[in-house]
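**Q** no sequence on this one, just coordinates:
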């Protein structure tokens, strides 16, 4: 038995196709539905945790991950595992990799106690193996000795520019790693990231886990269909330390604000778990 109380469902829109979720995950999360509808690209979801004052990273050495924001909340990790379990690929930027260099973007890594249930869920949605781990880097300044590149359990795709590819080729590329140069120079467009993913693995659902710059680029390109946002009950504060919010490097309001539609609201004690649909092309 998992020592975890079920999420309290405060609002759930009847939206999307219901998934045959394993009984223990269904008891913890409730009804889970997958939305889709793009004939020419994968459905894109994103997952973040934020403080009450909108901070998504403390931006401190050794304390830049989501755990410090959520308080290492087990419900947040459980939900993260579900989202990874239904995804064909999980996308992060090089900055996120630097913040959590030993991470693997798999369901079981984030919540090992539910590993068997996550595998069952992947089978239920027609997935096999682990999700493709995707690292987006403009410069190609990556440590190829990190677990995400050296693990035999996963396949990894590096999406970069031509200069980034040349820099990566100076190192020995592990056999489980594929590198795609999709642009001559920075910036890399979200549509190019998705096209690279599909060229490596047929994908109907892609999960973007950050960071704020990459997420902002995807929102600006109208390539985020849904946002799963955990709101943690802490106030982190900001000074001149560069602590980022959900979006970095992009300004939408007041000229072009992005309004979202609430799909689901769940609660575990003082943590809130929100699911929003975002406008896309």
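**A** Good, I have the coordinates. Being a predicted model, the structure only gives us computed values, none of them experimental. Residues are numbered from 1 along each chain as shown.
**Q** Please enumerate the strands of the stretch 51-200 of the chain.
**A** With DSSP state E, counting those that start in this stretch as the criterion, the stretch 51-200 of the chain has strands at 89-93, 132-136, 156-161, 177-183.
**Q** between the ones you listed, which one is nearest to residue 218?
**A** Smallest distance to residue 218 across the strands of the stretch 51-200 of the chain (CB to CB): 8.6 Å, for strand 89-93. No exception for glycine: its C-beta is placed from N, CA and C like everyone else's.
**Q** ok, and what's touching the closest one?
**A** With contact meaning CB atoms under 8 Å, 6 or more residues apart in numbering, strand 89-93 is reached by 42, 84, 105-106, 131-137, 157, 193, 197, 201, 203, 206-211, 213-214.
**Q** Tell me the spacing between residue 79 and residue 272.
**A** 11 Å (CB to CB, to the nearest Å).
**Q** For the lengthiest helix in the chain, what is the distance to the chain centroid?
**A** Counting residues, the longest helix in the chain under DSSP state H turns out to be helix 74-86. Centroid displacement of helix 74-86 relative to its chain, using CA atoms, centre = their mean, to the nearest Å, is 10 Å.
**Q** tell me the angle of that helix relative to strand 89-93?
**A** Relative orientation of helix 74-86 versus strand 89-93 (axes from the mean of the first three to the mean of the last three CA atoms, to 10 degrees): 120 degrees.
**Q** packing partners for helix 74-86?
**A** helix 23-29, strand 43-50, helix 66-70, helix 107-110, helix 115-124, strand 205-208, strand 226-231, strand 271-277 (3 or more CB pairs under 8 Å, 6 or more residues apart in numbering; DSSP states H and E).
**Q** Comparing those, which comes out most buried?
**A** Most buried of the helices and strands packed on helix 74-86, by mean neighbour count (mean count of other CB atoms under 10 Å): strand 205-208, with a mean of 26.
**Q** and that one, what's its mean pLDDT?
**A** The pLDDT scores in strand 205-208 average 98.
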